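> Predicted model and sequence follow; I will ask about them next.
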Amino acid sequence: MNKLRVAVQKSGRLNEDSMQILKDIGIYIDNGIDQLKASAKGFPVEVFYLRNGDIPQYLKDGVVDAAIIGENVLVEKGEGINVVEKLGFSSCRVCIAVPKGDNYNGIKDLEGKRIATSYPNTVQSFLDKNNVNANLHIINGSVEIAPNIGLADAIVDIVSSGSTLFKNNLKEVETILKSEAVLAVSPVLSAEKQAILDKIRFRIQSVLKGRSSKYVLLNAPNDKVQDIIDILPGMKSPTVLPLAEEGWSSIHSVINKNEFWEVIDDLKAKGAQGILVCPIEKMVL
Ligand SMILES: Nc1ncnc2c1ncn2[C@@H]1O[C@H](COP(=O)(O)OP(=O)(O)OP(=O)(O)O)[C@@H](O)[C@H]1O
Ligand SMILES: O=P(O)(O)OC[C@H]1O[C@H](OP(=O)(O)OP(=O)(O)O)[C@H](O)[C@@H]1O
Ligand SMILES: [Mg+2]
């Protein structure tokens, strides 16, 4: 049987979360420490450990069928490659930054300036869209140092917490794009491989829905049950079970994890007690 070849970053910021999501969807890999290719147990998938920056070319060449990769790298050099799932980790943005003391009034201020970056295509198309001409200096790492050593007037690089910019006395002035880890696929897949990919996507969606939700259990007096259901409508409708104590019920529901703190005061005000909030491993609607 044809296996789906899936690339993940060999080491770096995406590696750990990529391996975790594969595990969560039931793709278990016994990889020796220096192995560059490994077969999954019990699922028709082969995993390739590659550099994030090399993955777009491998996808284009059909050497791998799918990959977990930073979206920003696909924007830079992944034309023709499809993003099929956003994975919710390694969130960052690609930004323009200039020295903190500069008086920056807009993108036109970069006309004729030197910009250091590892993402020349992304920067060039942003400049073209804004009708700005600038000179790009392509460097592969430590981009934020460039203005301090006189190599550039501005930089374009990845920003997450902003601490690297801060440490290098730079300020963020434009966001070119936002990025997160994604599942990307080669434009050509056999029907057999497409079927394996569809199973992987279904499993990823179940895991991501579970990660973004919480299971809530609470007790309430019977005359408050409807008020509480109005606050916690759940997936289809909450489960309501009688408690051993007369006049009380237990209500079970699912809530978006970001909404819980918003509704907790309302729940308490309606008489909810003994509120438990539990993680959900997988969720299939
Ligand atoms: N500080 C950060 N916070 C969040 N995500 C980040 C950060 N830096 C990079 N990323 C994301 O993680 C991806 C991998 O970054 P990392 O620095 O591990 O590798 P790389 O240098 O791009 O790649 P390679 O594997 O080719 O050496 C980036 O493409 C980006 O999408
Ligand atoms: O806004 P922050 O949270 O400071 O993150 C941004 C930094 O993170 C990335 O570098 P990384 O640490 O991956 O090092 P690298 O350049 O060796 O890839 C990126 O290139 C920035 O330098
Ligand atoms: Mg990096």
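Cool, the structure landed. Ligands and ions are numbered 1, 2, ... in the order given.
> Pull stretch 71-83 out as CSV, backbone CA atoms only.
Below are the C-alpha coordinates for stretch 71-83, written out as CSV (Å, rounded to 0.1, in the frame of the first residue of the first chain):
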residue,chain,number,x,y,z
GLU,A,71,2.7,29.5,7.1
ASN,A,72,5.2,32.3,6.6
VAL,A,73,7.6,30.0,4.9
LEU,A,74,4.9,29.0,2.4
VAL,A,75,4.1,32.6,1.7
GLU,A,76,7.9,33.1,1.0
LYS,A,77,8.5,30.1,-1.3
GLY,A,78,5.4,27.9,-1.4
GLU,A,79,3.4,29.1,-4.4
GLY,A,80,1.0,26.4,-5.6
ILE,A,81,1.0,24.5,-2.3
ASN,A,82,-2.3,24.3,-0.5
VAL,A,83,-2.9,24.9,3.2
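> and that stretch, what's its mean pLDDT?
Averaged across stretch 71-83, pLDDT comes to 95.
> Show me what counts as buried in the longest helix seen in the chain.
Ranked by residue count under DSSP state H, the longest helix found in the chain is helix 191-211. By neighbour count on 16 or more other C-beta atoms under 10 Å, the buried set for helix 191-211 is 193, 196-197, 200-201, 203-211. C-betas here are computed from N, CA, C, even on glycine.
> Tell me how far it lies from the chain's centre.
In terms of C-alpha atoms, centre = their mean, to the nearest Å, the centre of helix 191-211 is found 16 Å from the chain centre.
> What lies in contact with whichever helix or strand comes after it?
With elements assigned by DSSP states H and E, the helix or strand that comes after helix 191-211 is strand 213-221. By C-beta atoms under 8 Å, 6 or more residues apart in numbering, the residues outside strand 213-221 that reach it are 228, 232, 243, 247-257, 260, 267, 270-280, 283.
> Now a PyMOL select for only the buried ones of these.
The PyMOL selection below is limited to those of the contacts of strand 213-221 classed as buried (16+ other C-beta under 10 Å):
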select buried, resi 228+232+248+249+250+251+252+253+254+255+260+267+270+271+272+280+283
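> so what's the backbone phi/psi at Tyr104?
Main-chain dihedrals, Tyr104, degrees, to the nearest 10: phi -100, psi 120.
> er, Lys270 actually
Taking degrees, to the nearest 10 as the convention, Lys270 sits at phi -80, psi 0.
> okay, now the closest residue in space to it that isn't next to it in sequence: neighbour count?
Excluding its sequence neighbours, the residue lying closest to Lys270 (C-beta to C-beta, 6 or more residues apart in numbering) is Asp227, at 4.6 Å. Residues lying near Asp227 (other C-beta atoms under 10 Å) number 15.
> From here on, call the first residue 460.
Let's use 460 as the start, then, which means that last one is Asp686.
> you'd agree Asp686 is in a helix?
Yes: counting by DSSP: H, G, I helix; E, B strand; the rest coil, Asp686 is found in a helix.
> bridging residues for Thr698?
On the basis of DSSP bridges, Thr698 is bridged to His711.
> From the chain's centroid, how far away is stretch 596-616?
26 Å.
> buried ones in that stretch?
Ile598, Val602, Glu603, Ile604, Ala605, Pro606, Ala611, Asp612, Ala613, Ile614, Val615, Asp616.
> do the same with stretch 570-583
Arg573, Ile574, Ala575, Thr576, Ser577, Tyr578, Thr581, Val582.
> Same list (the buried residues of helix 650-670) but as a markdown table, adding pLDDT and distance to Ser470.
As requested, the buried residues of helix 650-670 are exported to a markdown table (pLDDT from 0 to 100; distance: C-beta to C-beta, whole Å):
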| residue | pLDDT | distance to Ser470 |
| --- | --- | --- |
| Lys652 | 97 | 27 |
| Ile655 | 97 | 26 |
| Leu656 | 98 | 25 |
| Ile659 | 98 | 23 |
| Arg660 | 98 | 26 |
| Arg662 | 97 | 25 |
| Ile663 | 98 | 22 |
| Gln664 | 97 | 27 |
| Ser665 | 97 | 28 |
| Val666 | 97 | 23 |
| Leu667 | 97 | 24 |
| Lys668 | 95 | 29 |
| Gly669 | 96 | 27 |
| Arg670 | 96 | 24 |
